[in-house]
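J.: give me a 3D structure for the following:
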Amino acid sequence: QVQLVESGGGLVQTGGSLRLSCAASGRTFSSYAVGWFRQAPGKEREFVAAINRWSLTSHADSVKGRFTISRDNAKNTVYLQMTSLKPEDTAVYYCAAAPVSGLPGAIYDYDSWGQGTQVTVSS
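T.: Numbering: from 1, shown residues only. This next block holds a predicted model:
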């Protein structure tokens, strides 16, 4: 497992942008797939985006064209650039890591999780 710490959340107006960061410890982090998930109040945690060791990516339909996941292995960090934010994007955002080569989209695929960072989009 790796240790993950998210940062970059906050309050933003509709249409605004934020960049979330997920900093990881562990020498083998570059070989992990990393995903972003989010959980709104009263709702289940849902997949947002994932990136694998070769920087191949996948994004949920609800965020395609607005969010972009990327990674900097030299910094052991994965980012989620969020633009054109909407009130329905309000949630706690979590990053997670999986020791696999693919692009896992299910919660149970991941064995390391961060503590989450709050994103609030005001209308």
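
J.: can you tell me which residue is spatially central in this protein?
T.: The geometric centre of the chain, computed from its C-alpha atoms, lies nearest to W36 (CA atoms, centre = their mean), at 2.4 Å.

J.: now do the contacts for that residue.
T.: By CB atoms under 8 Å, 6 or more residues apart in numbering, W36 lies in contact with 20, 22, 48-50, 69, 78, 80, 93-96. The way it works is simple: take the backbone N, C-alpha and C, and place the C-beta from them, glycine included.

J.: now, these that are in strands?
T.: Counting by DSSP state E, the part of the contacts of W36 found in strands is 20, 22, 48-50, 69, 78, 80, 93-96.

J.: closest to P87 among the residues you listed?
T.: P87 has its nearest neighbour among the ones in strands among the contacts of W36 in Y93, at 14.9 Å by CB to CB.

J.: what pLDDT does that closest one get?
T.: The score at Y93 is 98. That number is its pLDDT.

J.: the closest residue to it other than its chain neighbours: which element?
T.: In this structure, Y93 finds its nearest non-sequential neighbour in R38, 4.8 Å apart by CB to CB, 6 or more residues apart in numbering. Remark: R38 resides in strand 33-39, with elements defined by DSSP states H and E.

J.: separation between the residue nearest to Y93 and T83?
T.: Using CB to CB, to the nearest Å, we find R38 at a distance of 16 Å from T83.

J.: who's more crowded, these two?
T.: Ranked by neighbour count (other CB atoms under 10 Å), R38 and T83 place R38 first, with 24 against 14.

J.: tell me which residues touch the more buried one, please.
T.: By CB under 8 Å, 6+ apart, the contact set of R38 is 45-46, 48, 89, 91-94, 119.

J.: since that was my last question, I'll sign off now.
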